[in-house]
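Peer 1: sequence and computational prediction follow.
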Amino acid sequence: MLDELLFKTRSYRTFDSTEISFEVLEKIVSATRLGGSARNSQTLRYTLVNSPSLCHKIFPHTAWAGAIPWSPTLEEGPKAYILISTLKDSPLSPITLGMDIGIASQNILLKATELGFGGCLIGSFNKMEVPQILDLDTEKYSPQILVALGKPTDKVILTEGTEGNLKYHRDLENNIHYVPKLPLKTLILKKF
Ligand SMILES: Cc1cc2nc3c(=O)[nH]c(=O)nc-3n(C[C@H](O)[C@H](O)[C@H](O)COP(=O)(O)O)c2cc1C
């Protein structure tokens, strides 16, 4: 069951018109409470967005699938966002804080998938404009990653990759995204 959920939890980049309620977004963010946190410091905070006008405002400040010359259209764009921010006075080092952010991000995507949605982590967003649009108190919080969400219309197919040949590609006509993943034998260095 977990394998199936992990398999389905891909980066989706085009969405239909289905909206996502705050009730659903809160369930999704609740999943972050169950993740580990270095020193149990819990210094991540979340801004939830499902207003169509705000989603439209944020969209031009996001960058998609940088490896290919393609982007979703505004209409295909996300129907909700979760901005993950960190407290500026977090006691964690940047790398450790990054681990907390990674764990929370993956829990968000997993829960979204379980609830019939999907999304994409957007590291490439405008760190000045988006916080401003969302009225984030940047004296207190640092914006870290934006999770784009919706009901996916694209299909993602995993293929076998090799080191140095991991570029994803997209069949634009059929809206299928192909993602190479390294085989286990490449990942495991040694077995003693
Ligand atoms: C930290 C992080 C930042 C990412 N930022 C972006 C981004 O800005 N735009 C985008 O389209 N995808 C982004 N992605 C998605 C990756 O491109 C995607 O995870 C990768 O191609 C593998 O596909 P998969 O998630 O379906 O396994 C990001 C992923 C991670 C983990």
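Peer 2: All right, it came through fine. Since the model is a prediction, treat every value here as computed from it, not as a measurement.
Peer 1: for the rest of this, base every contact and every neighbour count on C-alpha atoms.
Peer 2: Fine.
Peer 1: list the residues that contact the spatially closest residue to Leu44 that is not a sequence neighbour.
Peer 2: In space, not counting the residues next to it along the chain, Leu44 is nearest to Thr86; the distance is 4.5 Å by CA to CA, 6 or more residues apart in numbering. Counting by CA atoms under 8 Å, 6 or more residues apart in numbering, Thr86 touches 43-45, 141-144.
Peer 1: so Leu166 makes contact with Tyr178?
Peer 2: No - with contact defined as CA atoms under 8 Å, Leu166 does not reach Tyr178; the gap is 10.3 Å.
Peer 1: look at those two and report which has more neighbours.
Peer 2: Tyr178 (17 against 14; other CA atoms under 10 Å).
Peer 1: surely the more buried one is within a strand?
Peer 2: Yes - assignment of Tyr178 by DSSP: H, G, I helix; E, B strand; the rest coil places it within a strand.
Peer 1: right, and it touches Leu158 too?
Peer 2: Yes - Tyr178 is within contact range of Leu158, at 5.8 Å (criterion: CA under 8 Å).
Peer 1: where's the residue nearest in space to the middle of the chain, which helix or strand?
Peer 2: Nearest residue to the geometric centre of the chain (CA atoms, centre = their mean): Leu121, 2.1 Å. For Leu121, the element it lies in under DSSP states H and E is strand 118-122.
Peer 1: report all helices and strands that that strand contacts.
Peer 2: Judged by 3 or more CA pairs under 8 Å, 6 or more residues apart in numbering; DSSP states H and E, strand 118-122 is in contact with helix 94-114, strand 141-150.
Peer 1: quick one on the thing from earlier: quick check: the residue nearest to the centre of the chain vs the ligand, distance?
Peer 2: 5 Å (CA to the nearest ligand atom, to the nearest Å).
Peer 1: show me the beta-bridge partners of the nearest residue to Ile68 once chain neighbours are set aside.
Peer 2: In space, and not counting its chain neighbours, Ile68 is closest to His169: 6.8 Å by CA to CA, 6+ apart. Counting by DSSP bridges, His169 is bridged to Tyr178.
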